[in-house]
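Asks: one predicted model, sequence on top.
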Amino acid sequence: MARPLTLRSTTVLAVMVLVACLWYFTGVYTIQSWTLAKDYACGPSENQQKSESSETISSSNFVDKEADNTDVVTAYEKLAAKCEDPYRLPGYLYLPELEEDYRETRWIPFRDTFHELPALAGTVYPPENNDTEAMLLANNEIGSEFFDAAPTSWMKRLVIYHNISNKVEQAKRLEKPLILSTREREIMRQMKWVNNRRVLYVGDSVDRIPILSLCEELGLEMVSDGGPVHGKRQTTVYCHVPSINFTVVQWHVPGMLTFRPDWWWEKEMSIVAFEERFEEIYLKYSLPLAINPAGKAPDLVFVQTGLWDERAIRYAEYFAGELDGEETPNANRTRIPWSLTTQLTWTQLRFINVRFQKLVHKLQDMFGEETPIMYRSLTMRKDSKLADLPVISIDRMHRSMAKHLNLEVFDWGRLIYGHSNYFKDQMHVLSGPLTWLWNDMMLGYLFRAAGGVEEQGKIVQWPEIGTAKSWNTGENWNRCHRYLTGNDNR
């Protein structure tokens, strides 16, 4: 006969049950916590990572879609390496000593090989002799390996290609035989991807100087044409290369104002708002110039605004100071000083931000969202220091906006910053090394849009010629696009 449970035995049993329950739930919690920590504190689980990486990378033409999952991380790293933008890397702007050698200008990224160079004799401490000063003042040559790893000098190739194409066309017209050298045939074959391409700049007069320089290098004349009533210089300009049917066009945008104020300083400029300029100038007089023969869009677009906005705000503040008192006639006003010594206000940046986004969306609606569009970083003035603050604030905001709108950055403005001896006035550079650099960069990005791949100065893939793929600039651009957008400060 079972004995009845006593209070003591009941208490012991309850304690044992409680301990067992605590042990069970503590064990489950510990296992779950360890699993969560492994999955999230240390990143995705191995299976998660392989699955997500495989899905991402398999869409690229650079990675074997049948690659084993164990090779996914390596493939991802290889893809990212191929997708670098050398002009966004820290580097050195090589400027030849002799002015006539400006065509040797190059951007040379600081790669790991630079940091791994052997130590110089003058860096030894304690010094064997006092030759450190001589070492620091020496202008030693840059090693050829760094030039070899620098971005391709596309302008050199374009000039040669243009000259050969002219010879071929002339021989055809004269019905004379022409024998090309092996090197000339190679250039003709390699550079054929430039034929029939179109590049569009939407911005200010800073864009116009590289177009002028491009035409001068090719022995051509830049054309200005914005219609009979709007003035020519600040409407549209273009450089057309007939031998290869290659055209670079600029649409001049005088800032983001929505109307033309009475105090507008350009008397011949009757239209200011970009919406009206599209309808009355660009679409009427120069849209066909910007469209490549294979489609309905340019192959590459650069867009920016800033200098005109800063000036318009400064003028508005100047004239607003007279509103409460007796206004001075415009003709009697003194010249408005260039410089503001503060960055733009938060509200002023918000105004430019909203208007610039509308401009970008208008271009995307017109040409298609797949058309490659880059934000062209703003340039500072020649020697203005404090007066650069308004433009710097706009450029910082635009860089963030570029990330928001999924645009890459054409960062020529940052590469040339400080080289004021190559400016012809406060705002515009001289035709020479800085415009040569611009056109090298432009052609490098166009090469990528055409389907080419360059890796540390080596061409690893040439664009296909005469295929639909060669004109699908959106697909070509997007292979690397997602790795090349991001915020950076100035």
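Replies: Arrived safely, thanks for sending.

Asks: got a list of what residue 306 touches?
Replies: Shown in contact with residue 306 (CB atoms under 8 Å, 6 or more residues apart in numbering): 204, 352, 378, 391, 394, 395, 398. No exception for glycine: its C-beta is placed from N, CA and C like everyone else's.

Asks: any low-confidence regions in the stretch 151-300 of the chain?
Replies: Scanning the stretch 151-300 of the chain for pLDDT under 70 picks out the ranges 227-233.

Asks: which residue ranges form the strands in it?
Replies: Assigned by DSSP state E, counting those that start in this stretch, the strands in the stretch 151-300 of the chain fall at 198-203, 223-224, 236-241, 246-252, 300-303.

Asks: thinking again about what came up before, okay, the contacts of residue 306 in CSV with distance to residue 413 and secondary structure next?
Replies: Below are the contacts of residue 306 laid out as CSV (distance: CB to CB, whole Å; DSSP: H, G, I helix; E, B strand; the rest coil):
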residue, distance to residue 413, secondary structure
204, 12, coil
352, 16, helix
378, 5, coil
391, 9, helix
394, 11, helix
395, 7, helix
398, 10, helix
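
Asks: give me the buried positions along stretch 436-456.
Replies: 436-454, 456 (16 or more other CB atoms under 10 Å).

Asks: hmm, I was thinking of stretch 387-401
Replies: Quick answer for stretch 387-401 (16+ other CB under 10 Å): 387-391, 393-399, 401.

Asks: which one of the strands of the stretch 151-300 of the chain lies closest to residue 213?
Replies: The closest of those to residue 213 is strand 236-241. By CB to CB, the value is 9.1 Å.

Asks: and the helices in the stretch 251-400 of the chain, which stretches?
Replies: 274-277, 287-290, 307-320, 346-367, 389-404 (DSSP state H, counting those that start in this stretch).

Asks: hey, C-alpha coordinates of the longest one in PDB?
Replies: Spelled out, that is helix 346-367. Extracted C-alpha coordinates of helix 346-367, given in PDB (Å, rounded to 0.1, in the frame of the first residue of the first chain):
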ATOM      1  CA  TRP A 346      20.100  74.400 -45.000                       C
ATOM      2  CA  THR A 347      17.000  75.800 -46.800                       C
ATOM      3  CA  GLN A 348      19.000  76.900 -49.900                       C
ATOM      4  CA  LEU A 349      20.500  73.400 -50.200                       C
ATOM      5  CA  ARG A 350      17.100  71.900 -49.900                       C
ATOM      6  CA  PHE A 351      15.900  74.100 -52.800                       C
ATOM      7  CA  ILE A 352      18.800  73.100 -55.000                       C
ATOM      8  CA  ASN A 353      18.300  69.500 -54.000                       C
ATOM      9  CA  VAL A 354      14.700  69.200 -55.000                       C
ATOM     10  CA  ARG A 355      15.200  71.000 -58.300                       C
ATOM     11  CA  PHE A 356      18.300  69.000 -59.200                       C
ATOM     12  CA  GLN A 357      16.500  65.700 -58.500                       C
ATOM     13  CA  LYS A 358      13.800  66.900 -60.900                       C
ATOM     14  CA  LEU A 359      16.400  67.600 -63.500                       C
ATOM     15  CA  VAL A 360      17.900  64.100 -63.200                       C
ATOM     16  CA  HIS A 361      14.400  62.500 -63.300                       C
ATOM     17  CA  LYS A 362      13.600  64.500 -66.500                       C
ATOM     18  CA  LEU A 363      16.700  63.100 -68.100                       C
ATOM     19  CA  GLN A 364      15.800  59.600 -67.100                       C
ATOM     20  CA  ASP A 365      12.200  60.100 -68.400                       C
ATOM     21  CA  MET A 366      13.600  61.400 -71.700                       C
ATOM     22  CA  PHE A 367      16.300  58.900 -72.300                       C
END
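
Asks: so what touches it?
Replies: Here helix 346-367 has contacts from 202, 253, 256, 258, 274-275, 278, 296-298, 301, 303, 305-306, 309, 313, 344, 371, 373, 393-394, 397-398, 401, 405, 407, using CB under 8 Å, 6+ apart.
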